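1. predicted structure and sequence below. I'll ask about it afterward.
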2 protein chains.
Amino acid sequence: MKYFIRYGEIGVKSRKVRRKFEKKLMKNIMTGLECKFSNDNGRIILSTEKEDKTVREVLDRIFGIVSYSRIYETVTDNEKIAEVIKTVLPELIKEEKFNPEYQTFAVKCRRVGEHDFSSQEMAAYVGSVVIELTDAKVNLSNPDFTVYVEVRDEKTFLYFEKIRGLGGLPVGSQGRVVCLISGGIDSPVAAFQMLKRGCSITLLHCDNYPYGEATVEKVLKNAENLRRYSLGEEVKVYSIKYGKYLEHVMKEAPPRMTCVLCKSGMYQSAEILAINEKANAIVDGSSIGQVASQTLNNIEASRYHCRMPIFSPLISLDKLEIESIARKIGTYEVSIIPDGGCKAVPKYPETHADLELTKNVIEEINQRKILEEVTKSIQRIDV
Amino acid sequence: MKYFIRYGEIGVKSRKVRRKFEKKLMKNIMTGLECKFSNDNGRIILSTEKEDKTVREVLDRIFGIVSYSRIYETVTDNEKIAEVIKTVLPELIKEEKFNPEYQTFAVKCRRVGEHDFSSQEMAAYVGSVVIELTDAKVNLSNPDFTVYVEVRDEKTFLYFEKIRGLGGLPVGSQGRVVCLISGGIDSPVAAFQMLKRGCSITLLHCDNYPYGEATVEKVLKNAENLRRYSLGEEVKVYSIKYGKYLEHVMKEAPPRMTCVLCKSGMYQSAEILAINEKANAIVDGSSIGQVASQTLNNIEASRYHCRMPIFSPLISLDKLEIESIARKIGTYEVSIIPDGGCKAVPKYPETHADLELTKNVIEEINQRKILEEVTKSIQRIDV
């Protein structure tokens, strides 16, 4: 079986960058699917012995693919082209991808090379074959179904579907980020969004035990979900015994500051891991105003002591939009499993942290020292 | 005319926060539309003398609205309810919102209070009125058209459409951010995304003259486009004479570093403005890997000296997704007007800036001092 693989943005980059990206894209696909590649003018042709269903299941999880099509290759010869249509079309009708009784069709023909017919003539011919076979009505401006004919010298490719890919950039083409991941809905989606733009991801889970429980299993399950979209790039999961830091904070700092200091410590722990992992940014699931702690004041105060960039790809998304992505990628069902929540949250958490005051408290509780201690507990939990 | 205004997330917050948000939402609507409000169990009812078209044009630009419906109020009486349907339905059919020849319908009834009929009975009655009038077919599971009947004691509200709003949070409910805005496609979209989550925005344009030209007009036009979505909150536009900073950079620093140092200076200029404007974050249009300068290394190096949070709501979006938002909000057409681009860009810009090296260069060129000088030129350009 053969497929056209179309990629978007990486096409507009310099020749050198394009080659590198194409290579990474192909490598990522090959991690999930036994296949071979050839290149045809900025389009990748994938060949495989695997079933169509298997192929789609993999291609639907590969960032960098804008669209793909199962193609039928034949020689540039009217008889042969008609033969392909006569074989394939009944199958597609059976699969309910085209219902000639109710639906209209069009033929789109592109041609490269010297031939004794024009693209229009080829389209008209293919159209006549379809009509003969199905009696379907033509609609050139807004067809329900399209037969694509690409004539390239002696070869002709036919395809009948353009399946939309995930878009984005090939995972592993853009360097590494450390994503904070909790048992909640947002953080796995944030990590997914970074995969989308080609980043390799390392996950850090802050294990709040004894103030939080049952989140490790959820995190490991969602790491598995994220791995499905990270073919070709390993997704490591680290955990830090964060309860010890929280204990210190709860003992030393004003209760209302617990959440801001918790987040502040998370960013800095992630930064320490990021340096070790040669990552260049931290990622979290913040969305402004979603919960009491996600005010601009709190975000500012909790990020001040982390010098690495913090990306919050969900910063402008509504909860419903985040949940919709979570459902698509399979993390939602895991995230909503009850885990008891965090028991360190005070009765009245600060919602408008003062930056100067926070800086003072951070100094008073000797945050850096306790973090140095606690971050020693960072270790892989997925091996 | 009356409308139900439905809001989403702000409904789940505490009573106090909800009240504040509702008030802001109503204030924002009133800035664009002469109207009055009453509150009906977590739903706002808007009353106005204005035309339906005018009302929709305003409500479609108000963040915080999940959906809205034009409602027809009458008394809870079969005759009166039938009268409303007999008046309104023919109008809707004329407007092609319902085609009873081809389309199916359903009635959904909700009821509050004591009545001598059930919700089902009322739905059946209203259904019979519609059938008598149009001969349309009923389809309860997947109707093309729905008649909503809400019976509340002696009052009954009828509506026939749920129009989707922009979602998000009321602008002005979440504090202020300073958005860097250029003549390009991305930055106005980034600012729009922050409005969506309820932030008030202040725009800062870095005027690169003599290395860039003709961008000021574009920025002012796009500020106008953004204002359409910021009813109730002023959008100030500042400009900084940034060419002087670039001149210094080009004279003192290695040519390949120009773009990283340019971005670094922009963030710090925005930070200085943000402090004056009592804003708590900087916003830009970064999207990983979109152009040569948006690598993780460059982002890290250019952000290091800015201590305020930098939000990049487009960080995980593809160019096509960004363009699609730009088209919807009207900024695309302005952004694509040719402006000659930036003439300070070197032949070989750095694509993987080294953080330590960048820190050294920043010190050597005395960046802070020149920025202190240049930021004195920051001034409003929209008054």
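-> Sure, I can see it.
2. ramachandran angles for the most centrally placed residue in chain A?
-> When CA atoms, centre = their mean is applied to chain A, the residue found nearest the centroid is residue A:196 (3.7 Å). Main-chain torsions, residue A:196, degrees, to the nearest 10: phi -50, psi -40.
3. contacting residues for residue A:271?
-> By CB atoms under 8 Å, 6 or more residues apart in numbering or on different chains, the contact set of residue A:271 is A:178, A:282, A:306, A:307, A:308. Just so you know, the C-beta spots here come from the backbone N, C-alpha and C atoms, and that holds for glycine as well.
4. can you do 6 Å?
-> Residue A:271 makes contact with A:306, A:308, according to CB atoms under 6 Å, 6 or more residues apart in numbering or on different chains.
5. on that earlier part again, you'd agree the residue nearest to the centre of chain A is up against residue A:63?
-> Yes. Here residue A:196 reaches residue A:63: they are 5.4 Å apart, a contact under CB atoms under 6 Å.
6. what do those two both touch?
-> residue A:168.
7. circling back to that earlier point, look up the closest residue to the residue nearest to the centre of chain A, ignoring the ones flanking it.
-> residue A:168 (3.8 Å; CB to CB, 6 or more residues apart in numbering or on different chains).
8. what about the residue nearest to residue A:4 when sequence neighbours are not counted, neighbour count?
-> By the measure of CB to CB, 6+ apart, the closest residue to residue A:4 outside its immediate chain neighbours is residue A:69, 4.7 Å from it. Neighbourhood size, residue A:69 [other CB atoms under 10 Å in any protein chain shown]: 20.
9. SS state for residue A:69?
-> strand (DSSP: H, G, I helix; E, B strand; the rest coil).
10. dump the residue contacts of it.
-> When contacts are taken as CB under 6 Å, 6+ apart, residue A:69 is in contact with A:4, A:159, A:161, A:162.
11. got the phi and psi for the first one?
-> Per-residue torsions, residue A:4: phi -80, psi 130 (degrees, to the nearest 10).
12. shouldn't it be in contact with residue A:72?
-> No. Contact criterion CB under 6 Å: residue A:4 and residue A:72 do not qualify, at 11.0 Å.
13. where exactly do the helices run in the stretch 51-200 of chain A?
-> For the stretch 51-200 of chain A, applying DSSP state H, counting those that start in this stretch gives helices covering A:52-59, A:78-94, A:119-134, A:186-196.
14. out of those helices, deepest packed?
-> helix A:186-196 (a mean of 27; mean count of other CB atoms under 10 Å in any protein chain shown).
15. and the next helix or strand past it?
-> strand A:200-207 (DSSP states H and E).
16. C-alpha coordinates for that following strand, PDB please?
-> Presented in PDB, the C-alpha positions along strand A:200-207 are these (Å, rounded to 0.1, in the frame of the first residue of the first chain):
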ATOM      1  CA  SER A 200      10.600  16.500  22.900                       C
ATOM      2  CA  ILE A 201       9.100  16.300  26.400                       C
ATOM      3  CA  THR A 202      10.300  15.200  29.800                       C
ATOM      4  CA  LEU A 203       7.700  15.000  32.400                       C
ATOM      5  CA  LEU A 204       8.100  15.900  36.100                       C
ATOM      6  CA  HIS A 205       5.500  14.900  38.600                       C
ATOM      7  CA  CYS A 206       5.500  16.500  42.000                       C
ATOM      8  CA  ASP A 207       4.400  13.800  44.400                       C
END
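17. what about the lowest-mean-pLDDT helix or strand in chain A, distance to the chain center?
-> Least confident helix or strand, chain A: strand A:36-40 with a mean of 89, by mean pLDDT, DSSP states H and E. Distance, stretch centre to chain centre, for strand A:36-40: 24 Å (CA atoms, centre = their mean, to the nearest Å).
18. quick check: residues of the stretch 101-250 of chain A near chain B?
-> A:167, A:169, A:174, A:175, A:193, A:196, A:197, A:198 (CB under 6 Å from any CB of the partner chain).
19. state the pLDDT value of the first one.
-> At residue A:167 the predicted local confidence, pLDDT, stands at 96.
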